[in-house]
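> model this:
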Amino acid sequence: MMIFFKHAHNKRKDLSKEEKKIYASFLAERLYGTFTILVLNIGLLSDVENIGKKYALLAIITTTIGLVMASFFSKEMAHKVVHGKAMDKVKVRKTLASKVGIIMAAVPSLIFVSLSYFGLFNMKTALEITVVSEVITILVYVIRAAYTRGGTKLTRLISISLQFIVAAIIVAIKLFVH
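Numbers count the residues shown, from 1 in each chain. Reported below is the predicted structural model:
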C-alpha cells in the first residue's frame with residue numbers, strides 16, 4: 001500500500017522498478033474498473049425511475065466484487081498455464097494489491113448511492129455525481145498519460161484527443177452491449 005502513497009505525492013522517480021510495475025498494474029485495474037462502473041452507472045441512470053435504491057447499491061457492490069474475483073482468478077489461471085504452478089504468496093499479495101484499483105474505482109458510486117439509499121440524495125443526483133466523477137477520473141488519467149517525456153504541446157494535444165476518443169469508444173461499446 002505504501003507504493004500508492006509514494007506515488008500520490010508525485011515521487012514516481014523514487015519508486016523501484018518492481019514498485020512501478022505494481023503501481024502500473026494497480027492503475028490498469030483502476031481504469032478498467034472505472035470504465036466498467038461508469039457504464040453500470042450510466043445504465044442505472046438511464047432507468048433511474050424504475051430501479052430501487054437497494055437494487056442500485058447491490059448492482060454496484062456485486063459488480064465490484066465480480067470484477068475483483070474475475071480479474072484475480074484470470075491472473076491466477078494465466079500464471080498456472082504459463083508457469084505450470086500456482087502463484088507464490090508474494091505474487092498473490094502483489095496481484096491482490098493491484099486489484100485494490102478496481103475497488104477504488106467503485107468508491108464514488110458506493111459512497112453516493114449509499115447516501116441515496118439512506119435518503120441524503122435522490123438516486124438520480126447520486127448517479128449523476130458518480131458518472132461525472134468517473135468521467136473526470138478518466139479525463140485526468142488521459143491528460144496525465146499525455147505528459148510523458150519528450151512530448152511537445154502539439155503531441156500532447158494529439159495524444160489527449162486520441163486517448164479521449166478511444167475512451168469514448170470503449171464506453172460506447174460497453175453501453176451498446178448493455
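
> point out where the chain drops to low pLDDT.
1-13, 149-150, 177-178 (pLDDT under 70).

> could you redo the last one with a cut-off of 50?
1-7, 9-10 (pLDDT under 50).

> in it, which spans are strands?
Read by DSSP state E, the chain holds no strands at all.

> where along it do the helices fall?
Taking DSSP state H as the test, the helices found in the chain are 2-8, 17-46, 53-83, 89-117, 123-146, 153-177.

> for the third one, name the packing helices and strands.
Just to be clear, that refers to helix 53-83. Judged by 3 or more Cβ pairs under 8 Å, 6 or more residues apart in numbering; DSSP states H and E, helix 53-83 is in contact with helix 17-46, helix 89-117, helix 123-146. (Each C-beta comes from the backbone N, C-alpha and C, glycine too.)

> closest to Lys53 out of those helices?
For these, proximity to Lys53 was assessed by Cβ to Cβ; helix 89-117 is nearest, at 4.5 Å.

> buried residues in that closest one?
94-95, 97-106, 108-110, 112-114, 116-117 (16 or more other Cβ atoms under 10 Å).

> cool, and stretch 78-88?
If you call a residue buried by 16+ other Cβ under 10 Å, then stretch 78-88 has these buried ones: His79, Met87.

> gap between the two ends of it?
14 Å (Cα to Cα, to the nearest Å).

> contacts only, for the residue lying farthest from the centre of the chain.
Farthest-out residue of the chain from its mean C-alpha position, per Cα atoms, centre = their mean: Gly84, at 30.0 Å. By Cβ atoms under 8 Å, 6 or more residues apart in numbering, Gly84 lies in contact with nothing.

> and if you look at Met87?
Residues near Met87 by Cβ under 8 Å, 6+ apart: Lys75, Glu76, His79, Thr95.

> same question, Val68
Applying Cβ under 8 Å, 6+ apart to Val68 gives the contacts Lys99, Ile102, Ile103.

> surely the second one meets Met69?
Right, Ile102. No. Ile102 is beyond contact range of Met69, at 9.8 Å (criterion: Cβ atoms under 8 Å).

> of the helices and strands packed on helix 53-83, give the one that comes closest to Ile158.
Closest to Ile158 of those is helix 123-146 (Cβ to Cβ; 8.5 Å).

> surely Val135 and Val39 touch.
No. Applying Cβ under 8 Å, one finds Val135 not in contact with Val39, separated by 11.4 Å.
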